[in-house]
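Asker: Mind looking at a prediction? Sequence and model below.
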Amino acid sequence: MTSDPCPDTPPAVLDGFFPATSMPDLDWWRALWPDPDGVVRALGVAPGMCVLDLACGDGYFTAALARRVGPGRAVGLDLDPVLLAQARAACADLPCDWRLGDAMAIGHSCPGPFDVVLMANTFHGVPDKVALARAVAAVLAPEGRFVIINWYPRPREETLVLGKPRGPRTELRLSPEATVNAIAAAGFERHLIVPLAPYHYGLILRRSSRRNMRATALAPS
């Protein structure tokens, strides 16, 4: 799923669904993200990669991933069967693999390994961010990247799209540094921050070099 279109009165959260996340209306979503293909290129997705769109919603970014990786593999995972059906229909002419499953237990339905796991506009609603990051780490290839698209921590009334405030509640928004800190315990560190105008950033995370050094030191000779 993606960003909360109407966060002023949070809806009841179904079991397993992240709070303050749902698919927005397509009109303003397209206005905000007119070039999803350019976004995935800027985030380092390359032809031939195996990529996972985590909490993919209706497949808006999954489609761009599939077009980019070409002979690789694009997988979309979501807990909502209705949104997955919409994604299948919208991406019927693309080689996407759709999986129904819980983002907190990725390995059950998407064991990987993946070169990139993308989470777009949903991380703000994850209650246990370290647990999610550990689930991501378990399905990444050794040099794989966890990529998070987040809203910058600007007041919601300042993030206007088609003349109206959009996105999650102000208090849910995280800076790049706060996002890194939120999952550092899962063994990730910042690799690169990509500004995504007008209101977002793409945070590219890699496994901590200190963690990799410990793993090397403990490996049998």
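Answerer: Alright, I've got the coordinates. This one's a predicted model, so the numbers in the text were calculated from it and none came from an experiment.
Asker: Now stretch 171-185: buried residues?
Answerer: For stretch 171-185, the buried set under the neighbour-count rule, 16 or more other CB atoms under 10 Å, comprises 172-174, 176, 179-180, 182-183. (Each C-beta comes from the backbone N, C-alpha and C, glycine too.)
Asker: Can you lay out the residues you listed as a markdown table showing distance to residue 109, secondary structure and pLDDT?
Answerer: Formatted as a markdown table, these follow (distance: CB to CB, whole Å; DSSP: H, G, I helix; E, B strand; the rest coil; pLDDT from 0 to 100):
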| residue | distance to residue 109 | secondary structure | pLDDT |
| --- | --- | --- | --- |
| 172 | 27 | helix | 95 |
| 173 | 29 | coil | 97 |
| 174 | 27 | coil | 97 |
| 176 | 29 | helix | 98 |
| 179 | 25 | helix | 98 |
| 180 | 27 | helix | 98 |
| 182 | 24 | helix | 97 |
| 183 | 21 | helix | 97 |
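Asker: Throw those residues into TSV and include distance to residue 65, thanks.
Answerer: Listed next are those as TSV, based on distance: CB to CB, whole Å:
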residue	distance to residue 65
172	25
173	24
174	23
176	22
179	21
180	23
182	24
183	22
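Asker: Pick out whichever of those sits closest to residue 133.
Answerer: The closest of the buried residues of stretch 171-185 to residue 133 turns out to be residue 183 (CB to CB; 3.8 Å).
Asker: OK, contacts around that closest one?
Answerer: 129-130, 132-133, 205 (CB atoms under 8 Å, 6 or more residues apart in numbering).
Asker: can you rerun that using 6 Å?
Answerer: 129-130, 133 (CB atoms under 6 Å, 6 or more residues apart in numbering).
Asker: Rebuild the residues you listed as JSON lines, extending it with distance to residue 187.
Answerer: Listed next are these as JSON lines, based on distance: CB to CB, whole Å:
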{"residue": "129", "distance to residue 187": "13"}
{"residue": "130", "distance to residue 187": "10"}
{"residue": "133", "distance to residue 187": "8"}
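Asker: what pLDDT, on average, does stretch 186-194 get?
Answerer: The pLDDT scores in stretch 186-194 average 97.
Asker: coming back round to it: what is the nearest of the buried residues of stretch 171-185 to residue 63?
Answerer: Of the buried residues of stretch 171-185, the one sitting nearest to residue 63 (CB to CB) turns out to be residue 179, at 25.0 Å.
Asker: mind listing what's buried in stretch 81-91?
Answerer: Applying a neighbour-count criterion of 16+ other CB under 10 Å, one finds 83-84, 86-87, 90-91 buried in stretch 81-91.
Asker: cool, and stretch 117-128?
Answerer: Using 16+ other CB under 10 Å as the test for burial, stretch 117-128 gives 117-126.
Asker: From the opening residue of it to its closing one, how far?
Answerer: Terminal residues of stretch 117-128 are spaced 17 Å apart (CA to CA, to the nearest Å).
Asker: what mean pLDDT would you report for it?
Answerer: On average, stretch 117-128 scores 95.
Asker: what's the answer for stretch 62-75, then?
Answerer: Averaged across stretch 62-75, pLDDT comes to 96.
Asker: what's next to that stretch, contact-wise?
Answerer: Counting by CB under 6 Å, 6+ apart, 36-37, 40, 45, 47-53, 56, 76, 91, 94-97, 110 sit against stretch 62-75.
Asker: Checking the residue nearest to the spatial centre of the chain next. Helix, strand or coil?
Answerer: The residue lying closest to the centre of the chain (CA atoms, centre = their mean) is residue 119, at 0.4 Å. Taking DSSP: H, G, I helix; E, B strand; the rest coil as the rule, one finds residue 119 in the strand state.
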